[in-house]
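Participant: Below is the structure, and that's it, no one-letter string:
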């Protein structure tokens, strides 16, 4: 896991133009640990595909797409963690709603690379200690992971 957020203090939408169009969904009880890199590559390829009729870039959200700002990091092997990778990270370090910020310097909400539906993606909510689905047009923070 990266030691800091992408542009700390800045919210990003997941992928505004994908609203209702991408369909690589993961059930809420489904374990997708180890899929963060694959999910990231899938969405990033769609984001960069100029042939898609619905466009690649943000059109409606008041937030920039996270994919726009993480292109270099993806090229360097970083990825957006899946929902299960976020959950495993929180469990491994005993991250709770009372220590996520003070002990670990984490923000409240982080996008995962996992889709909940064609309109929503999962995000880690450390303030409530859970994983939820939120609109791909809403804003959350971004923190990346990599494997060595």
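Facilitator: In hand now; what should we look at? Predicted, not measured: the structure shown is a model, and the values here were computed from it.

Participant: Please report the residue range of the longest helix in the protein.
Facilitator: With secondary structure taken from DSSP state H, the chain has its longest helix at helix 36-47.

Participant: helices or strands up against the next helix or strand after that helix?
Facilitator: With elements assigned by DSSP states H and E, the helix or strand that comes after helix 36-47 is helix 66-69. Applying 3 or more CB pairs under 8 Å, 6 or more residues apart in numbering; DSSP states H and E, one finds that helix 66-69 makes contact with helix 36-47. Every residue, glycine included, has its C-beta placed from N, CA and C.

Participant: ok, which stretches of this structure are helices?
Facilitator: 36-47, 66-69, 71-75, 83-92.

Participant: and of the ones you listed, who's closest to residue 118?
Facilitator: helix 36-47 (12.4 Å; CB to CB).

Participant: contacts for stretch 81-92?
Facilitator: With contacts defined as CB atoms under 8 Å, 6 or more residues apart in numbering, stretch 81-92 is touched by 1, 26, 31-36, 39, 95, 100, 110, 112-114, 122, 124, 126, 129, 131, 143-145.

Participant: Just the buried ones from those?
Facilitator: 26, 32, 35-36, 39, 95, 100, 110, 112-114, 122, 124, 126, 131, 143-145 (16 or more other CB atoms under 10 Å).

Participant: circling back: ok, which of the helices of the chain comes nearest residue 20?
Facilitator: Going by CB to CB, the one of these nearest residue 20 is helix 36-47, 13.3 Å.
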